[in-house]
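Visitor: Predicted structure and sequence below. I'll ask about it afterward.
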There are 2 protein chains.
Amino acid sequence: MSGSEGKTVAVVGTGVIGRSWIRVFTRAGLEARVYDLDPARSLAAVAWARASARQDERQGFVPVGGAQEESHRIVPCSSLDEALDGATWVQECGPEDLDIKRRLYRELDERAHPGAILASSTSALDMTRIAEGLAGASRCIVAHPVNPPHVVPVVEVLPGAETAQEVVTATLELLTDVGQSPVLMNRFVPGFLLNRMQAALVREAVSLIGSGVASADAIDAVVRDGLGLRWALMGPFGTGHTNADGGVGDYYRRYGAAYRSLWDDLDPDPDFSDAVIDRIHEGTEAIYGPDATRTLGEWRDRMVRRIRALKVEDPPPSAD
Amino acid sequence: MSGSEGKTVAVVGTGVIGRSWIRVFTRAGLEARVYDLDPARSLAAVAWARASARQDERQGFVPVGGAQEESHRIVPCSSLDEALDGATWVQECGPEDLDIKRRLYRELDERAHPGAILASSTSALDMTRIAEGLAGASRCIVAHPVNPPHVVPVVEVLPGAETAQEVVTATLELLTDVGQSPVLMNRFVPGFLLNRMQAALVREAVSLIGSGVASADAIDAVVRDGLGLRWALMGPFGTGHTNADGGVGDYYRRYGAAYRSLWDDLDPDPDFSDAVIDRIHEGTEAIYGPDATRTLGEWRDRMVRRIRALKVEDPPPSAD
C-alpha cells in the first residue's frame, strides 16, 4: 500500500492531534514510537489508537496487516530517546507556544537520528522562527494537519527559511505515501491556507446571524446542502471551472464585477458578542439536539471517510 | 414520495436553471408546464429534461412512476397562458433585470390562477421591488436555487415586504415536498446567504494566489480534501459544534480572539487582474486537464447525488 511501509516514525506529544497522527502512520504499515511528557496521556493515546484501529477494521477500513498487527506497530515509549530510536520522521505535536517549541526543537535536533525529518503540527507558528539557530534547521518543516488527521487528509506543508529542498520533497512523498493530501505553501501567512479561508466564511456567517438576516440552521443548511456538497469534490477554483463553458477563467471574467461588488458589501467586523455566540449555540443545538458533540463528531468521521471512498471509486477527470 | 404529487406547476424561462427546475418537479410526481419566449429553447429544455430523467433511471435514481411516466409530466407549451393553465405554482426563471422581471410579474399576476404562488429564481433582485404595486404582491416570493437545482438541494426563500405568511409557509412546504432544502431569509441582502459566504471564501482564495502564497491546486486541495469534506455534512456552525466538548458556543468563546485576529489579517481587496485570473485558470487546468468543464460538471452532479444518498442512509443526530 505504501512505499514507506516498514519505516519508523516518532509521535511526540499525544493530545487529540498526536493520537490521530499515530493512526495515520501505523495503519499504513509504519511503526510509530509514541512519547509524551505526561506518561498517562501517552498511554491513553496508545489505547485510543489501538481501539480506533479495531473500530476501523469492523467498519471495513482495514489497516495494513489488520488491526492486531497495527497494534504492535504502536509502541509506547517512556523517554524521548526511546521514541526517537530508529525514527526517520518525527511528528511533533507539542503546545502552540514559540518558546516551548524552540526548546523542544533544540532537544529533538540534538537527539534524533541525523537523517530524521522534524515535522511540526503547529497551526500558527513559523518554522523559520522555531528552527532559528539550530544546527539542523534544514531538516525542520511544518506539517499542519486538519483535526483529526486520520480522517481528513489535507496537510499544510510549510518549509522554514533554512529548510532543505530535499526535506520538502521527502515530506510531500511520505505524507502522500501514508494517504494524506499534502499541500505546499510558499511562505508563511497567519492561519496558513485552511484557517484563513475558513475564517473568511465564518466571519460572514457570524455577520448574517448578528444582523438577523437568517437563523443558524438556515446558514448552516446553505453550506451543508449547497456550497459544501460541491466543495467536498472541488475547491473554489474547480467549482468555478464548472460554472462557465470556458472554465474558471471565463467564469471570473464574466462575474468579476459581481464578485467585487459583493466583496465590498461583506461585513469586515461582525458582532461576535456573547449574545450572538449564544444565538449560534442555541440554533445549532436546535438542529442536532443537546449534548450531541460526541455523536456528531463520530458521524462526521464516519461520513468523511465514506465521501473519500466515493472519490477513490469514481475520481474526477485528471490532467495525467 | 411527495404530498404535492399530482399538482401542476409552470416553469417560465428555460435556461440552465429553468430546465433543471423542470426535473425537480416532475421527478417528484408533479406536472411541469414549460414555456419560454424562445420556442426553440423551450423545446431544447424539454428534450434535455426527458433525457436527464432517462439517465437518472439508468443510474438508479428512479423518478416517481419511472422515466417514461415522468416524460409525460413534462409538457411543452406554446404560450404563457397554456403554461399557466391549472398551475398552482409558477417558477419564474427569466433574465436578471429588474425592469424585465417587473413586466413579467405584471403579466404573471394578471394571467396565473388566482391561488397560484409566483416564485422567482432570481439570485440578485429583491421581491419587494419586483412585486411593487402588483395586485397579487402577496403571492410573490423569491425561491433562489443553486445550479443545478435538481442536483444541489438548497433553495433560498426570501419573501418581499408584501408577501403573505401563508405563501411563505406553502413555499417551504412545496419545496420540502419535492426534495429540496428551503432556507428562509428574514430580509434582503445582496448575494443572499450562499453567494455572500462563497464570495467571502473566494476573495481569500484569490488573494492567496495573487500574493503568491500557494498554487491554485494547493488552495483547491485545502478545500476539497479539508474544509469541504466537513462542510458537505455540517455548515460552519455544525462544524464548530464538533470542535469543542461544550459545542460551538464553547468553541467560539475559546477561539474568538484567534478568529478576530485572522479576520483583521484577511485581504479586503485582492488583486483580481487578468494576470491572476489566468494563473488560476492555468492552475485549474493543470489539475483536471484541458476542456474538462463538461466532464467535470457531470462528475460533480453524479458525486453530489451520491453524497446526498449517504446522508439519507446515515443521517446526523437530530433534535427531533
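Guide: Happy to help now that I have it. Numbers count the residues shown, from 1 in each chain, chains lettered A, B, ... in the order given.
Visitor: Could you use CA atoms for every contact and neighbour count after this?
Guide: Noted.
Visitor: Now for A:D265: which residues touch it?
Guide: B:P190 (Cα atoms under 8 Å, 6 or more residues apart in numbering or on different chains).
Visitor: Just the pLDDT for it.
Guide: Per-residue pLDDT puts A:D265 at 98.
Visitor: Number of residues surrounding A:P268?
Guide: 15 (other Cα atoms under 10 Å in any protein chain shown).
Visitor: That one and B:L266 touch, don't they?
Guide: No: A:P268 is beyond contact range of B:L266, at 9.1 Å (criterion: Cα atoms under 8 Å).
Visitor: got the contact list for A:M303?
Guide: Per Cα under 8 Å, 6+ apart, neighbours of A:M303: B:L233, B:L310, B:K311.
Visitor: Now name the helix or strand holding the second one.
Guide: For B:L310, the enclosing helix or strand under DSSP states H and E is helix B:293-313.
Visitor: pLDDT weak spots in chain A?
Guide: A:1-2 (pLDDT under 70).
Visitor: before we move on, back to that, show me which positions of the helix holding B:L310 end up buried.
Guide: Applying a neighbour-count criterion of 16 or more other Cα atoms under 10 Å in any protein chain shown, one finds B:T293, B:R294, B:L296, B:G297, B:W299, B:R300, B:D301, B:M303, B:V304, B:R305, B:I307, B:R308 buried in helix B:293-313.
Visitor: now those residues in CSV, with distance to A:S261?
Guide: Putting the buried residues of helix B:293-313 into CSV (distance: Cα to Cα, whole Å) gives the following:
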residue, distance to A:S261
B:T293, 26
B:R294, 28
B:L296, 28
B:G297, 27
B:W299, 31
B:R300, 28
B:D301, 29
B:M303, 32
B:V304, 29
B:R305, 32
B:I307, 33
B:R308, 32
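Visitor: Looking at these, spot the one nearest B:D81.
Guide: B:D301 (33.5 Å; Cα to Cα).
Visitor: I figured that closest one was touching B:P149, is that so?
Guide: No: contact criterion Cα under 8 Å: B:D301 and B:P149 do not qualify, at 10.3 Å.
Visitor: sorry, back to before: distance from the chain centre to the helix holding B:L310, please.
Guide: 15 Å (Cα atoms, centre = their mean, to the nearest Å).
Visitor: Kindly report the same for stretch A:42-55.
Guide: The answer for stretch A:42-55 is 19 Å, by Cα atoms, centre = their mean.
Visitor: Show residues contacting it.
Guide: Contacts to stretch A:42-55, defined as Cα under 8 Å, 6+ apart, come from residues A:13-15, A:18-20, A:22-23, A:27, A:34-36, A:63, A:67-68, A:70-71, A:74-76.
Visitor: If you count neighbours, what's buried in that stretch?
Guide: In stretch A:42-55, counting by 16+ other Cα under 10 Å, buried: A:S42, A:L43, A:A45, A:V46, A:A47, A:W48, A:A49, A:R50, A:S52, A:A53, A:R54.
Visitor: ok but A:A10 is inside a helix, no?
Guide: No: counting by DSSP: H, G, I helix; E, B strand; the rest coil, A:A10 falls outside a helix, being strand.
Visitor: which ones are touching the residue of the stretch 1-150 of chain A found nearest chain B?
Guide: Using Cα to the nearest Cα, the single residue of the stretch 1-150 of chain A nearest to chain B is A:V146, 6.9 Å away. A:V146 makes contacts with A:V152, A:P153, A:V154, A:V155, B:G226, as judged by Cα under 8 Å, 6+ apart.
Visitor: again, only using 7 Å
Guide: By Cα atoms under 7 Å, 6 or more residues apart in numbering or on different chains, the contact set of A:V146 is A:V152, A:V154, A:V155, B:G226.
Visitor: The residue nearest to A:L184 when sequence neighbours are not counted sits in which helix or strand?
Guide: Distances taken as Cα to Cα, 6 or more residues apart in numbering or on different chains place A:V157 nearest to A:L184, at 4.8 Å, with adjacent residues excluded. For A:V157, the element it lies in under DSSP H and E is strand A:154-159.
Visitor: go on, A:G240?
Guide: Going by DSSP H and E, A:G240 is in helix A:236-241.
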